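**Q** have a look at this fold, sequence not included:
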């Protein structure tokens, strides 16, 4: 078995047997990796506390036939604050779940790896607006995954402008000429909010309380868009306080 070293972010874990755990990681060089961490559930294990969800770690692993084997782990950033807060943890779980859906085993995606790190760092900030940040992050994930939403031009003909009809299957906003007959336009404020979420740096996403009705409309649209392109809804989405 070949020994290799990687940086990774823990997406989720599963119990295996009496003391082991299966760890699903997004790695920088190998994409998604599933590995066994032996004995980590024992009180004396040195690895258990380092392989928590959202942790950014440096690992040494053996290549296995079905699952790799973790032999060493060093914490880079634990993101403990995300795990300690319900709202932040729910948003982090949605990010991890969406990443797990998009990432492929054996296929490196540095943009996806960096996006997840940026999302977890943004959630760790004290002034974070977690629900809005999640929506902004999911719009970026759509772009990384190859289905970037058209918010500044018509998804059909490319006509520039903030059009009002959002068509999920078409990939974004449609101009009057491309929109289906009888399609209802969105609230212009919701369109503006979607564009702002897509452009603003994650660490700066913070929405005002008076935007609550509009942000719910925008959030529902982001959820529907991501659900359509991922093939099924994110289980963690319903846990996010809004």
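**A** Yep, that arrived. What you are looking at is a predicted structure, and each value in this text was computed from that prediction instead of being measured.
**Q** what's the lengthiest strand in the chain packed up against?
**A** Using DSSP state E to define each element, the chain has its longest strand at strand 3-16. Here strand 3-16 touches strand 20-27, strand 31-37, strand 56-62, helix 86-102, helix 110-123, going by 3 or more Cβ pairs under 8 Å, 6 or more residues apart in numbering; DSSP states H and E. From N, CA and C alone the C-beta is placed, and that goes for glycine too.
**Q** which outside residues touch the longest one?
**A** Meaning helix 86-102. 9, 11-12, 24, 26, 32, 53-54, 79, 81-83, 112, 116, 119-120, 123-124, 128, 130-131, 133-134, 137-138, 141, 144-145, 226, 230-231, 234-237, 239-241 (Cβ atoms under 8 Å, 6 or more residues apart in numbering).
**Q** picking that back up, I'd like the helices and strands packed on strand 3-16 laid out as CSV, including mean neighbour count and mean pLDDT.
**A** What follows is the helices and strands packed on strand 3-16, written out as CSV (neighbours: other Cβ atoms under 10 Å; pLDDT from 0 to 100):
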stretch, mean neighbour count, mean pLDDT
strand 20-27, 22, 95
strand 31-37, 21, 95
strand 56-62, 20, 95
helix 86-102, 21, 96
helix 110-123, 20, 96
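**Q** can I get those in a markdown table with distance to residue 197?
**A** Below are those laid out as a markdown table (distance: least, Cβ to Cβ, whole Å):
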| stretch | distance to residue 197 |
| --- | --- |
| strand 20-27 | 23 |
| strand 31-37 | 26 |
| strand 56-62 | 25 |
| helix 86-102 | 14 |
| helix 110-123 | 13 |
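**Q** against residue 153, how distant is the residue nearest in space to the middle of the chain?
**A** Closest residue to the average C-alpha location of the chain: residue 95 at 2.6 Å, with Cα atoms, centre = their mean. Separation of residue 95 from residue 153 (Cβ to Cβ, to the nearest Å) stands at 28 Å.
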